[in-house]
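K.L.:
Attaching a predicted model along with its sequence, questions to come.
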Amino acid sequence: MNYEEALTYLAALNKFGIQLGLTRIRILLELMGNPQQRFKTVHVTGTNGKGSTAAMLASILKVSGIRTGLYTSPHLTSYTERFTINGLEITKSDFAAVIEITRHFVAKMLAEGNEQPTEFEVLTAAAFYWFAESEVEYAVIEVGLGGLLDSTNVIVPEVAVVTNVALDHTNRCGQSVAEIAVHKAGIIKPGVPVVTAADGDALRVIAATARSESAELLIFGKDFGGKAVANHDLVQEVEIEIKPRIASQYTLSLLGIHQVKNAAVAVMAAEVLARDEKRIKQGAIARGLAAVVWPGRLEFFNGQPVCIVDGAHNPAGAITLRKNLDSLFPDKSITFLLGILSDKDVEGILQALIRPCDKVVVAAPLSERAADPETVAGKITAAAVETTIAIEQGLERAAAIAGPDGVVCAAGSLYLIGNVRQVLLCRHFGYN
């Protein structure tokens with residue numbers, strides 16, 4: 001199997017859709033020798049910020065001299081982004097090889113009369129197998145959807161992280177924040193410390209689950225905290241306090257006020273790991289935060305105009321993105337290139353993100369679930385609204401509307417921004 005054949009195999013699994021549950025993944029992993037038991041893990045869930053927080057933790061572990069895997073989803077441009085060791089993506093040939101191995105065990109599973117695993121279950125099993133065979137010491141594992149019934153929830157981590165809880169995936173995880181929090185809290189295991197920045201109803205659910213599992217709970221604003229200090233040269237200075245110690249200042253390579261809280265969560269989780277893992281020291285935490293890379297999250301492409309790419313794809317993410325844009329560009333209107341999935345809260349995203357003075361070009365994300373651009377445009381109140389099907393054409397049009405001194409922001413779906421990044425990196429459009 002080569003890389004293209006591996007993608008064809010995975011695409012064929014899409015017809016089975018998203019089927020939450022742990023029975024299939026447990027059977028598959030058992031046949032593969034339970035590779036997830038051959039390394040230590042950190043489990044990260046949350047409505048927003050889980051990818052950034054996972055990337056920060058992986059960077060801290062790597063800088064500490066620990067061979068570290070990172071499993072994330074979805075990808076922006078290539079499946080290989082989902083599997084990394086020490087910051088390096090799996091090669092296409094190795095990806096194909098590990099998918100081929102996993103397919104062999106899937107065939108054995110089916111021959112024994114079991115259900116067909118989903119694409120995400122196959123990817124999760126393949127990642128665990130690759131990490132084990134590559135002899136990683138720790139792997140930071142990002143939940144795909146929810147937590148309780150997510151395919152990754154077969155691990156017993158050293159620390160569990162719940163970044164926050166907001167309304168998203170309401171068709172699968174519940175109609176209220178409290179109901180969704182039950183799914184997020186599902187990654188909490190007996191006696192395993194939990195770090196969270198959740199609040200309100202979500203925190204009450206998480207705290208109740210932690211108590212029932214006799215798990216230590218560390219809460220943002222109570223046990224640890226963080227605040228922004230300054231921004232300069234596309235980095236920000238943040239101050240993070242792990243109580244009762246005096247706060248420490250760090251340079252964070254990810255921009256945005258929301259990343260301050262994510263960084264505080266990552267540092268608190270690293271401090272929990274450092275209780276037993278003596279290679280994690282303060283200097284490594286500082287270097288890890290300064291070195292972390294997480295594309296597509298308030299990512300700047302400097303040029304004329306400036307282009308910002310952000311993966312905001314739900315109302316909570318859109319609120320955060322708008323706050324960041326208002327802070328960074330208080331005197332400018334924004335020209336948006338938007339692409340939203342039809343199963344998302346389109347009205348909520350638009351209400352949070354778009355101002356009457358903004359201008360908007362709506363395109364279709366590269367997904368079967370893409371919302372029709374004309375339908376989305378009909379819900380927008382702005383100074384100017386246009387539609388296009390092609391993302392590249394939409395980017396060119398947004399740049400033209402903004403002008404050389406303006407600001408373009410691409411947002412709404414990871415399936416949109418992945419393509420936008422590819423265009424910007426390959427064609428540049430005057431950006432660097």
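P.N.:
Perfect, thanks for sending it.

K.L.:
Look up phi and psi at the spatially closest residue to R204 that is not a sequence neighbour.
P.N.:
Spatial nearest neighbour of R204, chain neighbours left out: A178 (7.5 Å); criterion: CB to CB, 6 or more residues apart in numbering. C-beta here means a position set from N, CA and C on the backbone, and glycine is covered the same way. For A178, the backbone dihedrals (degrees, to the nearest 10) come out as phi -60, psi -40.

K.L.:
in which helix or strand would I find H313?
P.N.:
Take DSSP states H and E as the rule and H313 turns out to sit in neither a helix nor a strand.

K.L.:
Could I get the contacting residues of it?
P.N.:
By CB atoms under 8 Å, 6 or more residues apart in numbering, the contact set of H313 is 340-341, 344, 349, 411-414.

K.L.:
Give me the neighbour count for R275.
P.N.:
Here the number of neighbours of R275 (other CB atoms under 10 Å) works out to 11.

K.L.:
could you redo the contacts of H313 as CSV and give each row pLDDT, secondary structure and distance to K189?
P.N.:
CSV is the format used below for those (pLDDT from 0 to 100; DSSP: H, G, I helix; E, B strand; the rest coil; distance: CB to CB, whole Å):
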residue, pLDDT, secondary structure, distance to K189
I340, 93, coil, 35
L341, 91, strand, 32
K344, 88, coil, 31
I349, 94, helix, 34
A411, 94, strand, 35
G412, 89, coil, 35
S413, 89, coil, 32
L414, 86, helix, 29
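
K.L.:
residues touching the residue nearest to R204, list them.
P.N.:
201-202, 204-205.

K.L.:
Out of the residues you listed, flag the one nearest to I354.
P.N.:
Checking the contacts of A178 against I354 by CB to CB gives A202 as the nearest, at 26.8 Å.

K.L.:
Leaving out chain neighbours, which residue sits closest to the closest one?
P.N.:
Computed as CB to CB, 6+ apart, the closest residue to A202 that is not its neighbour in sequence is V165, at 3.5 Å.

K.L.:
Could you report the distance from that neighbour to L57?
P.N.:
V165 sits 19 Å away from L57, going by CB to CB, to the nearest Å.

K.L.:
ditto for V195
P.N.:
Separation of V195 from L57 (CB to CB) stands at 10 Å.

K.L.:
any common contacting residues for these two?
P.N.:
Taking CB under 8 Å, 6+ apart as the contact rule, V195 and L57 both touch 161, 269.

K.L.:
Touching, H183 and V143? I think so.
P.N.:
No. Assessed by CB atoms under 8 Å, H183 is found out of contact with V143, at 9.1 Å.

K.L.:
so which two of the contacts of H313 are the farthest from each other?
P.N.:
I349 and L414 (13.3 Å).

K.L.:
and those two? which has more neighbours close in?
P.N.:
Neighbours per residue, other CB under 10 Å: of I349 and L414, the larger number sits with I349, 27 against 23.
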